[in-house]
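1. Would you be able to build a 3D model of this:
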Amino acid sequence: MIIGGEWADSHTRESFEVYNPATGAKVDSVPRGDREDAKRAVDSAKEAFKGWSGKPAIERSRAMLRIVDAVRAGVEELAASLTAEQGKPLRESRSEINSFANSFEYYAGLIGRERGAQTPFSTGEGYFVVTKRPVGVVGAILPWNFPVSLMGWKLAPGLAAGNTFVVKPASTTPLTDLAAVALLMKTGLPPGVVNVVTGPGAIVGEELLDNPGVSKIAFTGETATGRRIMEGSAKQIKRLTLELGGSDPMIVCDDADLELAAEGAVWGRFRNCGQSCTSVKRLFLFESIAESFLKSFVERVKSIVVGNGMEGSTHMGPVHTPEQREKVESMVADATGRGAQVLVEGGTPTDKKFSRGVFYMPVVLGEVSYDAQMAKEECFGPALPVFVVKGLDEAIERANDTAYGLGSSIWTKDMGRAYDAAEKIEAGTTWVNSPPISRAEVPFGGFKQSGLGRENGVEGLDHYYETKSIQVLDYGKGRKWGFPI
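-> Got it, this is the predicted structure:
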């Protein structure tokens, strides 16, 4: 672990192992941290906050730009580590590491650029000033699907605002987060500004919820865990940013570029083995183009090369854990049991070359019942249900028939249609003629049960500040309040 700028073991000396989902082989082991370790890390972050929050904006900006250079220089090593523990292909891992660097570069450019104002009271008795100050120590609880880039989404705006951190990585993907934070330390980031405690969420995460030294929790993960974090944070009214699950719809209209849309659907569903909060999870096709679209789409899906992410020919790596694969298998069985048509069979491979890993070949299902689990819940893996609709109104109605509202997309050449859908679809983001691509400068977050707050963009920075109003009364113009003087 990393506490106070130094490598640290758990005080119990216990550890747990990290495995490669493509081979089943042990990659490494890390300390099994507990509440005492988390307390040490919080204390370290509290102490470091005094100095980091008081640094001039230009010094924080320079420190973050040094981090950008170090991460980009180490991209190959970090990407190899990420593929080994998470499973995604190397090219996706490189993209994720660069995304981490991009977040730091973007927020380094925002530090000290905010503009304030001195505004007179409407009564003319004085003026007020609105200022921003960092919230304090942030507990960042990370997911396993994008462990590095989503750590950057939290660290970059939080550090830019002057906060300090205790990071709790996912237990199955702690290694690259540790390596990335170690790079931060080498660039001269002050000790204790970013601490990393590895260990079970039910122990380390609970300490971050309970510890009064933690002012904010930034979490990415499934909605059920988000509810637990909301409950735990309520005791002390901690600030929250929650990026939770999604069941993102993709709508293909009758005037869309079908080849481009088919390519976007393949990338949008099967990137990272379909294990993304904003993966295309429900595909809605206008009936007039459904047959021609599916012909092209199915051919593309069948051409996906599944294998070890370390191999250059691999398009899609393994599912991350056996438990995750079982969930996908169960959802596919539920849909086919309700009469879904199998367009791409896929499933768990029987070839011996896949026997040691957690592989699952892409599945595409048509004529899926709207009562199926895949239609109602988030399918976090490489299986896609397809629905045929008569037109845009039906597509939007069906798209909104979910408890989630994270991402969505529409494919059409008619910008009037695109704007109409973007206004009516209940989701934090709507991509037009594009698969789900997130950028540091664009705010990201969900409606409904997909979360609270926003990450990225100026809006993401705002969530790491407290807003303070300073009211200044001009005594020469001051009114009397009715008490005897």
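
2. For the stretch 101-250 of the chain, which segments are assigned as strands?
-> 118-120, 126-134, 137-141, 164-168, 194-196, 216-220, 239-243, 248-252 (DSSP state E, counting those that start in this stretch).

3. Rebuild those as a markdown table, extending it with mean pLDDT.
-> Shown next, in a markdown table, are those (pLDDT from 0 to 100):
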| stretch | mean pLDDT |
| --- | --- |
| strand 118-120 | 87 |
| strand 126-134 | 92 |
| strand 137-141 | 98 |
| strand 164-168 | 98 |
| strand 194-196 | 98 |
| strand 216-220 | 98 |
| strand 239-243 | 97 |
| strand 248-252 | 98 |
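
4. So which of those strands is nearest residue 105?
-> strand 194-196 (17.1 Å; Cβ to Cβ). Where you see a C-beta, it was placed from the backbone N, CA and C, and this is true even at glycine.

5. by contact count, what packs against that closest one?
-> strand 2-3, helix 35-52, strand 164-168, helix 175-186 (3 or more Cβ pairs under 8 Å, 6 or more residues apart in numbering; DSSP states H and E).

6. Please point out which parts of the second one sit buried.
-> Yep, that's helix 35-52 we're talking about. 35, 37-46, 48-49, 52 (16 or more other Cβ atoms under 10 Å).

7. Dump those residues to JSON lines, plus pLDDT and distance to residue 451.
-> Listed next are these as JSON lines, based on pLDDT from 0 to 100; distance: Cβ to Cβ, whole Å:
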{"residue": "35", "pLDDT": "98", "distance to residue 451": "27"}
{"residue": "37", "pLDDT": "98", "distance to residue 451": "28"}
{"residue": "38", "pLDDT": "98", "distance to residue 451": "24"}
{"residue": "39", "pLDDT": "98", "distance to residue 451": "28"}
{"residue": "40", "pLDDT": "98", "distance to residue 451": "30"}
{"residue": "41", "pLDDT": "98", "distance to residue 451": "25"}
{"residue": "42", "pLDDT": "98", "distance to residue 451": "24"}
{"residue": "43", "pLDDT": "98", "distance to residue 451": "29"}
{"residue": "44", "pLDDT": "98", "distance to residue 451": "29"}
{"residue": "45", "pLDDT": "98", "distance to residue 451": "24"}
{"residue": "46", "pLDDT": "98", "distance to residue 451": "27"}
{"residue": "48", "pLDDT": "98", "distance to residue 451": "28"}
{"residue": "49", "pLDDT": "98", "distance to residue 451": "26"}
{"residue": "52", "pLDDT": "98", "distance to residue 451": "27"}
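
8. Looking at those residues, spot the one nearest residue 345.
-> residue 38 (46.0 Å).

9. Name the nearest residue to the closest one, ignoring sequence neighbours.
-> residue 207 (3.8 Å; Cβ to Cβ, 6 or more residues apart in numbering).

10. hang on, the earlier thing: ok, the buried residues of helix 35-52 vs residue 237, which is closest?
-> Of the buried residues of helix 35-52, the one sitting nearest to residue 237 (Cβ to Cβ) turns out to be residue 42, at 17.3 Å.

11. on that earlier part again, can you add distance to residue 337 and give the helices and strands packed on strand 194-196 back as a markdown table?
-> Output for the helices and strands packed on strand 194-196, formatted as a markdown table (distance: least, Cβ to Cβ, whole Å):
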| stretch | distance to residue 337 |
| --- | --- |
| strand 2-3 | 48 |
| helix 35-52 | 44 |
| strand 164-168 | 38 |
| helix 175-186 | 39 |
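
12. helices and strands around the strand or helix carrying residue 327, which ones?
-> Per DSSP states H and E: residue 327 is located in helix 322-337. When contacts are defined as 3+ Cβ pairs under 8 Å, 6+ apart, helix 322-337 sits against strand 363-366, helix 373-376, strand 383-389.

13. give me that answer again for 6 Å
-> helix 373-376 (3 or more Cβ pairs under 6 Å, 6 or more residues apart in numbering; DSSP states H and E).

14. Quick one: distance of the helix it packs on to the chain centre.
-> Remark: helix 373-376 is offset 22 Å from the chain centroid, using Cα atoms, centre = their mean, to the nearest Å.

15. pLDDT averaged over that helix - what is it?
-> Averaging pLDDT along helix 373-376 yields 96.

16. domains for this structure, by residue range?
-> 2-244+450-470, 248-432 (automatic domain parsing).

17. Distance across the longest one, terminal residue to terminal residue?
-> Translated: domain 2-244+450-470. 38 Å (Cα to Cα, to the nearest Å).

18. Over to stretch 186-205?
-> 27 Å.

19. what comes into contact with that stretch?
-> Contact partners of stretch 186-205, identified using Cβ atoms under 6 Å, 6 or more residues apart in numbering, comprise 1-5, 30-34, 37-38, 41, 44-45, 47-48, 52, 63, 66-67, 70, 141, 164-168, 174, 178, 181, 184.

20. What subset of the residues you listed is buried?
-> 1-5, 30-34, 37-38, 41, 44-45, 48, 52, 63, 66-67, 70, 141, 164-168, 174, 178, 181, 184.

21. thought residue 156 was touching residue 103?
-> Yes - under the criterion of Cβ atoms under 6 Å, residue 156 makes contact with residue 103 at 3.9 Å.

22. ok, back up a step: between the helices and strands packed on strand 194-196, which one is nearest to residue 90?
-> Of these, nearest to residue 90 by Cβ to Cβ is helix 175-186, at 12.6 Å.

23. buried sites along stretch 389-407?
-> Buried-residue list, stretch 389-407, by 16+ other Cβ under 10 Å: 389, 392, 394-396, 398-400, 402, 404-407.

24. and of those, the nearest to residue 417?
-> Once Cβ to Cβ is applied, the member of the buried residues of stretch 389-407 that ends up nearest residue 417 is residue 392, at 6.1 Å.

25. and the closest one, what are its phi and psi?
-> phi -70, psi -40 (degrees, to the nearest 10).

26. Not counting its neighbours along the chain, what's nearest it?
-> Per Cβ to Cβ, 6+ apart, closest to residue 392 is residue 417, 6.1 Å.
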